[in-house]
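S.K.: Below are the sequence and a predicted model for it; my questions follow.
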Amino acid sequence: MPRKVAVIGVGNTQAVSAFSETREISQIAFSAIYAATKMAKVSMHDIDITFFCTVDGFEGTNRLDRTMNSFGQSSHNPVVMVNTGGTGGASGFKEAYHYVASGFCDVAMVYGNSTGASVVNGQQILNTASPPLFEKPFGIGALQMAAFYATRYMHEYGATEEDFALAAAKNHKAAAKNPYAHFRKGYSFEQILASPMIGWPLRRYEICPISSCASAIILASEERAKELSDTPVWIMAVGSITDTFQTGYRDYIGFKQLRTLSEKLYRATGINNPLKEIDVAELFNPFSPFELWEYEALGFCDEGKGSQLIRDGVTDIDGELPVNMSGGTLCTNAGISASLNRIGDVALQLMGKFEGIQVRSPRIGLAHAWGGNLGQFNSIAILAR
Amino acid sequence: MSRMKVAVAGYATMGYQGEGHARADELIFNVTSAALEKSRITRDDIDAVVIATEDVNDGITISNGLLVPAAGAYNRDSVRIETGGVFSLVSACASIMSGQAKCVVVSSADAVKYDPVSISNKSYDPYFQRPLGVNHIVSSAMLSALYMHKHHATENDFALLSAMNYGLAVKNPYAHIKKGYSPEEVLNSPIVSWPLHLYDISPISFGASSIVLVSEDKATSISDNPVWISGYGMGSEPYFADWDDLVKMPGLTYAAKSAYKMACIENPKKEIGAIEVCNLVSPLELMEYEALGFCDVGSGIDMLRRGKYSEEGNLPVNLSGGVLCTNGLNSSGLFRTIYMLMYLRNELPSLACKSNKVLISDSDFHLGFPGGNQGVLILERRT
């Protein structure tokens, strides 16, 4: 039987624009790690293993983990580098869960690096993640990844630009109250619709910024968690799923593989009605329409009904299932840190320690991450208080 | 018997050479298919895929996107570990032992040609060491010189060690450098960075390897006597460390102790029959013997001179010819593990197995020494 594993510490740092970042990268790491260890009531000596998550290309260097002494790495605290693109933080979390659940170690740390401030143009680097012969020459970057899906969604289900703006407004409103968020202007529905069109149907305020911040999470075995924490958050299930590299095989209607993964994890955790049973969720939404497809893939509503959910306010703070009360990736996207932020923010909500819009007494939370070439990878973590 | 919950179901390597002739995803598809065929399980049985590569070695960003589908990851769990082959195998073990998977494929390939000196230099800190032009060869040479100074080793000793590896690589059908250089030839090769001669330094090799791991219940249904992964451990070195500390390789010592504990090995000198160490340059072998606990600190030279580590000695080292003769920067750890699997299963015509426990150590020292990561794996076959 695998051991029970809990999140006992979460550390975030203040996000700023990657273009105005003045902190050194080790300094950002230290802030996140210090906050996480403080909450977990552990010292660096208590940490058995660290998972360092980033994408080398976005760092403008190679194997950054080796030079950053922020992890207290020493013979007894090995550092494992995990790189799966945008889902990197979630992949590191999954690895840490495996290591603790398997009995290899008792306390593990996952660190999601800030990846926006090191290179001049991340889009050129991201383009090299596309299939080199057919897709890369088209210049595909992050924007296209969202726009392809968004236009097909509008065509298939009659979603409108207003729906995407509504989803964005919900996130901006939440981010305004999150002290760690990057975009905290609280843009209204009208302001979003009036913002410049960047790539139809996506407007400026429906697209995430390039942020600089980092996050760290401490996981512990049941015994250590009970010893160290008054508010352990238990990991019910963690998983990821892989799509094709070539995107020509996809039809761009929703996130089908995310649906497959969610159904698998719901079966494993006995969740029959996710909308009712899950109390808080953080979904990976670097572009506002993402949320709608994710509602559907995660079983919060039927296919094509994501727009209705946002129109009815079901996923706002007063709704049945508050989603992205942090402001989501839409308002803070520091690359690999963003996928770990989703898990950390859900854990904080379940602990009752979220600094922003705290959901009232949530019991079960879901965190999602998306990444790779046009969403080749999806990850989910289901946590419980 | 130690706790044994992860077994090797299959493995395959395509062998290594000095030029790449195919894309990495094609290589991974070929070796993974061969490993699955050997394991007598199908793609449908795969629960997860671990890829052991680094983006820079693959020449693209998020290169696991290209590689994982070729290893059977479509619709399945996958991850990419950048810290080497042994770390990747440990990741697969953790997912099996945590009950999250029953069958995990671990694959890796080296297909892209690049400048290893430049890539190594980019892994150094941008403020203090990178501008000095430090790289994996220079840092290895500094460490070797320090070892010479501390333990009275000579260039002749290093040449003897190199020649021992070259001699063994000749018998390895999958090795890259099969020239069988003598100690004299090694000593006569040009100095690259004192005290390292050209033939004391590993080449860059191209090829691919794949290993399929399964849980205990699945293993017993596939094979009567599989090879088990009975222990593993990992350690890292701080980046801003004292070189005196680096020469002792405390990360490797910690990794080995963790692995011995897991495998219930009390006396590695007696219980382990063969080892594969990560000798990117030949002097590293001596430091690793000591760090792994096979001899006292500083006595590696004496043991070497007495022939203890030769093929006929008490503890044969690097029967594959080691990293010195076959150096796939991504896949070296998997390749040398596969050679030890072949050894344990008596599949090598020129090499009879004399033990039931072997050790493989792996590191990312191809980037240089400061901040390196060390992994140790113990394979065991019931007698």
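M.R.: Sure, I can see it. As the structure is a prediction and not an experimental result, all values here were calculated from the model.

S.K.: Tell me the confidence at A:K38?
M.R.: pLDDT for A:K38: 97.

S.K.: got the CA positions of the strand or helix carrying it in CSV?
M.R.: Assigned by DSSP states H and E, A:K38 belongs to helix A:25-40. Output in CSV follows, covering the C-alpha atoms of helix A:25-40 (Å, rounded to 0.1, in the frame of the first residue of the first chain):
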residue,chain,number,x,y,z
ILE,A,25,17.0,34.4,-9.6
SER,A,26,18.5,32.7,-6.5
GLN,A,27,17.0,35.5,-4.4
ILE,A,28,13.5,34.8,-5.7
ALA,A,29,14.0,31.1,-5.1
PHE,A,30,15.2,31.7,-1.5
SER,A,31,12.1,33.8,-0.8
ALA,A,32,9.7,31.0,-2.0
ILE,A,33,11.6,28.3,-0.3
TYR,A,34,12.0,30.2,3.0
ALA,A,35,8.2,30.8,3.0
ALA,A,36,7.4,27.2,2.3
THR,A,37,9.8,25.8,5.0
LYS,A,38,8.5,28.3,7.5
MET,A,39,4.9,27.2,7.0
ALA,A,40,6.0,23.6,7.1
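
S.K.: That helix and chain B, any residue contact?
M.R.: No - on the criterion CB under 8 Å from any CB of the partner chain, helix A:25-40 is out of touch with chain B, staying 9.4 Å away. To be clear about C-beta, it is placed using only N, CA and C from the backbone, and glycine gets the same treatment.

S.K.: Please state the offset of that helix from the chain centre?
M.R.: How far helix A:25-40 lies from its chain's middle: 18 Å, per CA atoms, centre = their mean, to the nearest Å.

S.K.: Let me see the residues that make contact with it.
M.R.: By CB atoms under 8 Å, 6 or more residues apart in numbering or on different chains, the residues outside helix A:25-40 that reach it are A:8-13, A:23, A:43-44, A:47, A:64, A:68-71, A:107, A:109, A:111, A:113-114, A:117-118, A:212-218, A:220, A:228-229, A:353.

S.K.: are any of these buried, and which?
M.R.: A:8-13, A:23, A:44, A:47, A:64, A:68-71, A:107, A:109, A:111, A:113-114, A:117-118, A:212-218, A:220, A:228-229 (16 or more other CB atoms under 10 Å in any protein chain shown).

S.K.: These: which ones sit near chain B?
M.R.: Within these, those near chain B by CB under 8 Å from any CB are A:68-69.

S.K.: Quick check: strands, which of the buried ones among the contacts of helix A:25-40 are part of them?
M.R.: Judged by DSSP state E, strands contain the following of those: A:8-12, A:107, A:109, A:111, A:212, A:215-218, A:220.

S.K.: what would those residues look like in JSON lines with pLDDT?
M.R.: Output for these, formatted as JSON lines (pLDDT from 0 to 100):
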{"residue": "A:I8", "pLDDT": "98"}
{"residue": "A:G9", "pLDDT": "98"}
{"residue": "A:V10", "pLDDT": "98"}
{"residue": "A:G11", "pLDDT": "98"}
{"residue": "A:N12", "pLDDT": "96"}
{"residue": "A:V107", "pLDDT": "97"}
{"residue": "A:M109", "pLDDT": "97"}
{"residue": "A:Y111", "pLDDT": "96"}
{"residue": "A:S212", "pLDDT": "94"}
{"residue": "A:S215", "pLDDT": "97"}
{"residue": "A:A216", "pLDDT": "97"}
{"residue": "A:I217", "pLDDT": "98"}
{"residue": "A:I218", "pLDDT": "98"}
{"residue": "A:A220", "pLDDT": "98"}
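
S.K.: so what does the lowest-mean-pLDDT helix or strand in chain B touch, helix or strand wise?
M.R.: Lowest on mean pLDDT, DSSP states H and E among the helices and strands of chain B sits helix B:243-246, with a mean of 85. In this structure, helix B:243-246 packs against helix B:136-151, with contacts taken as 3 or more CB pairs under 8 Å, 6 or more residues apart in numbering or on different chains; DSSP states H and E.

S.K.: tell me what the helix it packs on is packed against?
M.R.: helix B:116-122, strand B:191-193, strand B:196-197, helix B:243-246, helix B:284-291.

S.K.: Walk me through which strands the third one pairs with, and which way each runs.
M.R.: It refers to strand B:196-197. strand B:191-193 (antiparallel) (DSSP bridges).

S.K.: State the mean pLDDT of the strand it pairs with.
M.R.: 97.

S.K.: ok, then the element right after the helix holding A:K38?
M.R.: Next along the chain after helix A:25-40, taking DSSP H and E as the criterion, comes strand A:49-53.

S.K.: and that next one, average pLDDT?
M.R.: Mean predicted confidence for strand A:49-53 is 96.

S.K.: Can that strand be said to contact chain B?
M.R.: Yes - using CB under 8 Å from any CB, strand A:49-53 reaches chain B at A:I49.

S.K.: In its sheet, which strands sit next to that strand, and in what direction?
M.R.: Counting by DSSP bridges, strand A:49-53 is paired with strand A:79-82 (parallel), strand A:107-112 (parallel).

S.K.: now it against helix A:25-40, angle please.
M.R.: 130 degrees (axes from the mean of the first three to the mean of the last three CA atoms, to 10 degrees).

S.K.: Next, the contact list for B:Y181, please.
M.R.: By CB under 8 Å, 6+ apart, B:Y181 lies in contact with B:162-163, B:166, B:189, B:199.

S.K.: What are the buried residues along the helix or strand bottoming out on mean pLDDT in chain A?
M.R.: Ranking every helix and strand in chain A by mean pLDDT, DSSP H and E puts helix A:122-127 at the bottom, with a mean of 82. Neighbour counts over helix A:122-127 (16+ other CB under 10 Å) mark A:122, A:125-127 as buried.

S.K.: Relative to chain B, which of these is nearest.
M.R.: A:I125 (5.3 Å; CB to the nearest CB).

S.K.: Please name the residues that touch the closest one.
M.R.: A:57-58, A:119, B:61.

S.K.: how about JSON lines for the residues you listed, with pLDDT added?
M.R.: Formatted as JSON lines, those follow (pLDDT from 0 to 100):
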{"residue": "A:G57", "pLDDT": "85"}
{"residue": "A:F58", "pLDDT": "85"}
{"residue": "A:V119", "pLDDT": "80"}
{"residue": "B:T61", "pLDDT": "91"}
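
S.K.: Generate CSV for these, with secondary structure as supplementary columns.
M.R.: Below are the contacts of A:I125 laid out as CSV (DSSP: H, G, I helix; E, B strand; the rest coil):
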residue, secondary structure
A:G57, helix
A:F58, helix
A:V119, coil
B:T61, coil
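
S.K.: Compare these and tell me which has the most neighbours.
M.R.: A:F58 (27 neighbours; other CB atoms under 10 Å in any protein chain shown).

S.K.: Nearest residue to A:S379 in space, please, no chain neighbours.
M.R.: A:A90 (3.6 Å; CB to CB, 6 or more residues apart in numbering or on different chains).

S.K.: repeat for B:A219
M.R.: B:A7 (3.4 Å).

S.K.: so how far is B:Y339 from that neighbour?
M.R.: 18 Å (CB to CB, to the nearest Å).

S.K.: Understood, closing this out.
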